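Participant: any chance you can model this:
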Amino acid sequence: MKKLILGFLLIFGISSALFAEVDFIALATNGKFNEQSAGVKLLNDDEMSKVVGGATLFDDNGCGNLMYHYGIANNGGTRVSYTAYYRLHESYKNELLPLNVDDGSGRYISVVSATLNHLTNQVNVSIIGMNQYNSVYTRSADRYYANKLLENRQVINEVNNVIRNHSRYFWRY
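Facilitator: This is a model prediction of the structure:
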């Protein structure tokens, strides 16, 4: 009987977590407003495409923050890839909160993970959370919001330019 009750509780907990909707407005405003607050309107896809905001690699001084990087070469010395992690800066206050990369400790920050494949000359970009004190520890970001930030191509274009320059400097060519 005890196992049956625990099983129901476990199933209920998992299903409620799967179907829970995140109130991004409450999250971004630290609970001051929510979706039912006066003046709050749910935008349709057309209205959402006109929203200005997002993220950038550059801080208020126009500097990018390279957090960690490494290159991979094969046994013959041919450059295979170069990977870099750049700190992501918000264009507006609390713009990065919905990425949900921190575990509550304040150690994890939003970064762009970018890999330049030298064999195909293509750049692969994703947004993750990285421990700012030990880059070995990473966390995944909320995929929906991360993809929305990458859709407007600003971050991808910035990464494309910056990673190629950093790769040249790293490999000294």
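Participant: how's this protein carved up into domains?
Facilitator: Following automatic domain parsing, one finds the domains of the chain at 1-42, 54-171.
Participant: need the contact list for residue 122.
Facilitator: The neighbours of residue 122, taking CB atoms under 8 Å, 6 or more residues apart in numbering as the test, are residue 116. Using the backbone N, CA and C atoms, a C-beta is placed for each residue, glycine as well.
Participant: shift numbering so it begins at 472
Facilitator: With 472 as the first residue, the last one maps to residue 593.
Participant: quick one, what contacts the closest residue in space to residue 621 that isn't next to it in sequence?
Facilitator: Closest residue in space to residue 621, ignoring its immediate chain neighbours: residue 627 at 6.0 Å, by CB to CB, 6 or more residues apart in numbering. Contacts for residue 627 (CB under 8 Å, 6+ apart) come out as 594, 596, 621.
Participant: how about residue 536, nearest residue that isn't a chain neighbour?
Facilitator: Excluding its sequence neighbours, the residue lying closest to residue 536 (CB to CB, 6+ apart) is residue 558, at 3.8 Å.
Participant: what's the distance between that neighbour and residue 566?
Facilitator: Distance of residue 558 to residue 566, given as CB to CB, to the nearest Å: 14 Å.
Participant: now do residue 541
Facilitator: Residue 541 is 29 Å from residue 566, where distance means CB to CB.
Participant: more crowded one of those two?
Facilitator: A side-by-side neighbour count of residue 541 and residue 566, using other CB atoms under 10 Å, places residue 566 first with 19 against 11.
Participant: can I assume that one is in contact with residue 526?
Facilitator: Yes - the pair residue 566 and residue 526 passes the contact test of CB atoms under 8 Å, sitting 6.1 Å apart.
Participant: if I look at those two, which residues touch both of them?
Facilitator: With CB under 8 Å, 6+ apart, residue 566 and residue 526 have no common neighbours.
Participant: now the strands for this structure?
Facilitator: Assigned by DSSP state E, the strands in the chain fall at 526-527, 537-544, 550-558, 560-561, 579-588, 593-602, 609-611.
Participant: no more questions from me, cheers.
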